[in-house]
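1. Return a 3D structure for these sequence lines:
(one chain, ligands or ions: 1)
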Amino acid sequence: MFLYVANWKMEMSFDKAVEFCKDNFDGFIGLSQLESKKVILCPEFTQLKAVLDVFGGNGNDIMALGAQDCSEHKPGAYTGQVLAESLGQIGCNYCIVGHSERRIYGSETSDQVACKLVRLFECGITPIVCIGESKEDYENGLAKDVLQEQLEPIWEVVKAVITRKGGGKSGKRLSFCIAYEPVWSIGTGITPENSYIQEIFNFIVSLAKNNTINAQINLLYGGSVDERKVKSLKLIDNLGGFLLGGASLDFKKFEKIVQL
Ligand code: PGA
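-> Below is the predicted model:
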């Protein structure tokens, strides 16, 4: 399955998001029926249930739904946070964690991101873990160091969950996504060369091997993906999908990207 994760961020109000789904209802349904492709809509929290209601499904059947974040905590006194379990109960199948905008504006650490992963595995939601280096780190040749650091706690919790549960909620092989999103590429129109993304993907695969991670890892790329770049980006080995920001807000562009 090739994934197209539409990260709507906080770009649309509740009314706009519902209107966007209604206006493009047939188009979205068409995309959801394409073979070996999966569209995952990630609106902000208040819109999740309403978006699902527009498509009349429970998330699994008609339209896959993802949240943009969740709390790293179990139920408790955490004002303003959102419980992973509740996301599952309203029909979320996926949840983005560790997006650079959360790390930058929410001062989120990689250890917190790893705890969120545990919460998501506990309730059977597939995590989409975002990693990526800043422009400064990229320019100083530190990208791999940064990525390794961001991934270290992820490997630890994945190994612990596999050991504890014998591999996820239902006993089948634990599965999650890692979205490589260079911060300098997000929303800038700049996309790295394929050879650079390939090198990073190979690096992530080798880290997973060195850490003996017995899980199914789907590698996604995110950062200024648009309809002109998709064909070429799809040539990258091991690419399992895209995380789309700006291009997911224009249905015609989004549709083209998924169809290509
Ligand atoms: P962009 O955003 O496609 O607008 O660059 C991607 C993301 O932040 O996930």
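2. Please enumerate the helices of this protein.
-> Residue ranges of the helices in the chain, as given by DSSP state H, are 14-23, 25-32, 48-55, 84-89, 100-105, 110-122, 135-139, 143-165, 194-210, 230-233, 251-259.
3. need the residues of the protein near the ligand, please.
-> 7, 181, 186-187, 222-225, 243-247 (Cβ under 6 Å from any ligand atom). For every residue, glycine as well, the C-beta is placed using N, CA and C.
4. With neighbour count and pLDDT added, can I get these in CSV?
-> As requested, the residues of the chain next to the ligand are exported to CSV (neighbours: other Cβ atoms under 10 Å; pLDDT from 0 to 100):
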residue, neighbour count, pLDDT
N7, 26, 98
E181, 24, 98
I186, 20, 97
G187, 13, 96
G222, 25, 98
G223, 25, 98
S224, 20, 97
V225, 23, 98
L243, 26, 98
L244, 27, 98
G245, 22, 98
G246, 18, 97
A247, 19, 98
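5. circling back: could you export the helices of the chain as CSV, including mean neighbour count and mean pLDDT?
-> Formatted as CSV, the helices of the chain follow (neighbours: other Cβ under 10 Å; pLDDT from 0 to 100):
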stretch, mean neighbour count, mean pLDDT
helix 14-23, 15, 98
helix 25-32, 16, 95
helix 48-55, 19, 94
helix 84-89, 20, 97
helix 100-105, 16, 96
helix 110-122, 21, 97
helix 135-139, 14, 97
helix 143-165, 17, 95
helix 194-210, 15, 97
helix 230-233, 14, 97
helix 251-259, 17, 97
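6. Let's have these in TSV, adding distance to K172.
-> Formatted as TSV, those follow (distance: least, Cβ to Cβ, whole Å):
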stretch	distance to K172
helix 14-23	31
helix 25-32	23
helix 48-55	24
helix 84-89	17
helix 100-105	29
helix 110-122	12
helix 135-139	36
helix 143-165	10
helix 194-210	18
helix 230-233	30
helix 251-259	27
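7. contacting residues around L220?
-> By Cβ atoms under 8 Å, 6 or more residues apart in numbering, the contact set of L220 is L3, V5, I128, C177, I178, A179, Y180, L239, G240, G241, F242, L243.
8. Now do the second one against K256, distance only.
-> Noted for V5: a distance of 16 Å to K256, by Cβ to Cβ, to the nearest Å.
9. for the helices of the chain, which one sits closest to R173?
-> Among the helices of the chain, the nearest to R173 by Cβ to Cβ is helix 143-165 (8.7 Å).
10. roughly how far is that closest one from the heart of the chain?
-> Helix 143-165 has its C-alpha centroid displaced from the chain centroid by 16 Å (Cα atoms, centre = their mean, to the nearest Å).
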